[in-house]
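Trainee: What follows is a predicted protein model with its sequence.
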Amino acid sequence: MSNRIYVAIDTPDLARAKAIATKVRNHVGGLKLGLEFFAAHGQPGVREMATIGLPIFLDLKLHDIPNTVAKAVQALSPLEPAILTVHASGGRAMLEDAKAAAPLGTKVVAVTMLTSLDASDLAATGVSGSAHDQVVRLAALAAEAGVDGIVCSGAEVAAAKAAWPKGYFVVPGVRLADGPVGDQKRVVTPRAAVDGGASIIVVGRPITQAEDPDAAARAIAGTL
Ligand SMILES: O=C(O)c1cc(=O)[nH]c(=O)n1[C@@H]1O[C@H](COP(=O)(O)O)[C@@H](O)[C@H]1O
């Protein structure tokens with residue numbers, strides 16, 4: 001049975017990306033490819049990674065006017081990713097049009113508040129209130145717009161899921177208790193994220209920077 005871990009393959013190096021994915025393939029449920037990888041290798045790179053045989057989460061965090069996002073989603077559609085991200089703050093029409101343009105089998109999930117931000121970062125962008133309130137507000141917008149789910153931190157996932165029981169919840173920013181957090185600010189453990197209701201967790205550096213990525217993935221899977 002595939003597990004709930006999507007490994008974030010954040011590198012511009014295709015050989016390294018394939019090597020990590022091949023090492024961890026038996027202990028993760030999917031591969032997340034983001035801006036760093038896509039900027040370097042585009043659609044041919046995604047196709048190459050898909051040959052490893054795991055579902056692909058294409059994390060491009062699209063955020064633009066509705067027409068531009070819909071056309072970008074259409075252009076990405078031949079890849080048929082399992083999951084595709086857009087930014088919830090792009091607004092209702094953008095979310096609706098992104099979902100309408102996506103292939104039937106692709107879950108469109110809306111990023112609410114990046115896990116690298118805290119309440120003071122939010123205030124600096126002109127949004128007052130807590131991370132919790134911002135996530136719950138954008139989750140309601142995403143649900144109304146008809147996308148499949150949201151991305152949020154493990155600190156908010158239980159509240160978001162209580163308000164949207166049928167939503168699909170992606171939780172990045174997960175760290176083992178003693179691991180370095182790096183640029184992440186709202187972190188929880190993998191277990192706490194799943195207990196809070198995460199449909200999947202996204203794990204990057206705790207696996208990819210480990211001396212033995214497969215052992216790291218196996219250890220995290222063992223805590224779930
Ligand atoms: O959409 C995402 O996946 C995402 C949203 C978010 O709020 N925070 C976040 O860290 N991510 C992604 O999740 C991954 C986290 O990587 P690590 O911090 O190395 O585990 C990165 O690929 C980020 O792009």
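Mentor: All right, it came through fine. Residues are numbered from 1 along each chain as shown.

Trainee: what about the residue of the chain at minimum distance from the ligand, neighbour count?
Mentor: Residue nearest to the ligand within the chain: Gly204 (2.5 Å; C-beta to the nearest ligand atom). In short, each C-beta sits where N, CA and C put it, glycine included. The number of residues packed near Gly204 is 20, by other C-beta atoms under 10 Å.

Trainee: repeat for the one 4 residues further on
Mentor: Counted by other C-beta under 10 Å, the residues lying close to Thr208 total 21.

Trainee: re earlier: look at the residue of the chain closest to the ligand and report its pLDDT.
Mentor: The predicted structure scores Gly204 at 98 on the pLDDT scale.

Trainee: go on, Met1?
Mentor: Value for Met1, per-residue pLDDT: 37.

Trainee: What of His87?
Mentor: For His87, the predicted pLDDT is 98.

Trainee: likewise Gly167?
Mentor: Reading off the model, Gly167 has pLDDT 98.

Trainee: How about Leu58, nearest residue that isn't a chain neighbour?
Mentor: Among residues not flanking Leu58 along the chain, Pro81 sits closest, at 3.9 Å (C-beta to C-beta, 6 or more residues apart in numbering).

Trainee: residue contacts, the one you found?
Mentor: By C-beta atoms under 8 Å, 6 or more residues apart in numbering, the contact list for Pro81 reads 46, 56-58, 106.

Trainee: I'd like to know which of those residues is nearest to Thr208.
Mentor: Checking the contacts of Pro81 against Thr208 by C-beta to C-beta gives Phe57 as the nearest, at 14.7 Å.

Trainee: Next one: that closest one from Gln74, what distance?
Mentor: As judged by C-beta to C-beta, to the nearest Å, Phe57 and Gln74 stand 19 Å apart.

Trainee: So which of those two has more stuff around it?
Mentor: When neighbours are counted by other C-beta under 10 Å, Phe57 comes out ahead of the other of Phe57 and Gln74, with 25 against 15.

Trainee: Give the other helices and strands that the strand or helix carrying that one contacts.
Mentor: Taking DSSP states H and E as the definition, Phe57 sits inside strand 56-62. Counting contacts by 3 or more C-beta pairs under 8 Å, 6 or more residues apart in numbering; DSSP states H and E, strand 56-62 is packed against strand 30-34, helix 35-50, helix 66-76, strand 83-87.

Trainee: just the helices in this structure please.
Mentor: All helices of the chain, identified by DSSP state H, fall at 14-24, 35-50, 66-76, 92-101, 119-124, 131-145, 157-163, 190-196, 205-208, 213-223.

Trainee: and the angle for the third one with helix 35-50?
Mentor: In this structure, helix 66-76 runs at an angle of 30 degrees to helix 35-50, with axes from the mean of the first three to the mean of the last three C-alpha atoms, to 10 degrees as the basis.

Trainee: Measure how far helix 66-76 is from the centre of its chain, please.
Mentor: Counting by C-alpha atoms, centre = their mean, to the nearest Å, helix 66-76 is centred 19 Å from the centre of its parent chain.

Trainee: Could you give the average pLDDT over that helix?
Mentor: 98.
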